[in-house]
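*Asks:* sequence? don't have it. structure:
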């Protein structure tokens, strides 16, 4: 069971949302999921009630095992050119945070 989440928040370069989304969903997410420790991913955009959010996109990756090792592998893959990156991302808006679960998952009904 995953007890860490990587939350990545970002924007596309102006006018390049479609290109960015295609790259993110068909290239980037599968490449990250091929790395050790990353077991699932899901992408989000603001709902209409939050349409004025400063960032357009959020991706949530579940990490199993040692999060430091998984993130080290991700950063090494980026720096080593092993991930296909794109210039359609607005790199000034990228924020990545790893969160650790502090409770078990609580569900309703």
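*Replies:* Yes, it's here. Fair warning: this is a prediction, and the values are worked out from it, not measured in the lab.
*Asks:* surely residue 19 is in contact with residue 25?
*Replies:* No. Between residue 19 and residue 25 there is no contact under Cβ atoms under 8 Å: 11.3 Å. Heads up, the C-betas are built off the backbone N, CA and C, glycines and all.
*Asks:* would you map the strands across this structure?
*Replies:* For the chain, applying DSSP state E gives strands covering 4-10, 38-44, 57-63, 95-100.
*Asks:* and the longest helix for the protein?
*Replies:* Of all the segments of type helix in the chain, defined by DSSP state H, the longest one is helix 67-79.
*Asks:* so for that helix, what's the average pLDDT?
*Replies:* Averaged over helix 67-79, pLDDT sits at 97.
*Asks:* on contacts alone, who are the packing partners of it?
*Replies:* When contacts are defined as 3 or more Cβ pairs under 8 Å, 6 or more residues apart in numbering; DSSP states H and E, helix 67-79 sits against strand 4-10, strand 95-100.
*Asks:* most packed of these?
*Replies:* Comparing those by mean neighbour count (mean count of other Cβ atoms under 10 Å), strand 4-10 comes out on top with a mean of 18.
*Asks:* got the angle between it and strand 38-44?
*Replies:* Per axes from the mean of the first three to the mean of the last three Cα atoms, to 10 degrees, the angle that strand 4-10 makes with strand 38-44 is 40 degrees.
*Asks:* now for the nearest residue in space to residue 73 that is not next to it in sequence: which residues touch it?
*Replies:* Nearest non-adjacent residue to residue 73, counting by Cβ to Cβ, 6 or more residues apart in numbering: residue 35, 5.1 Å away. Contact analysis of residue 35 by Cβ atoms under 8 Å, 6 or more residues apart in numbering lists 70, 73, 74, 77.
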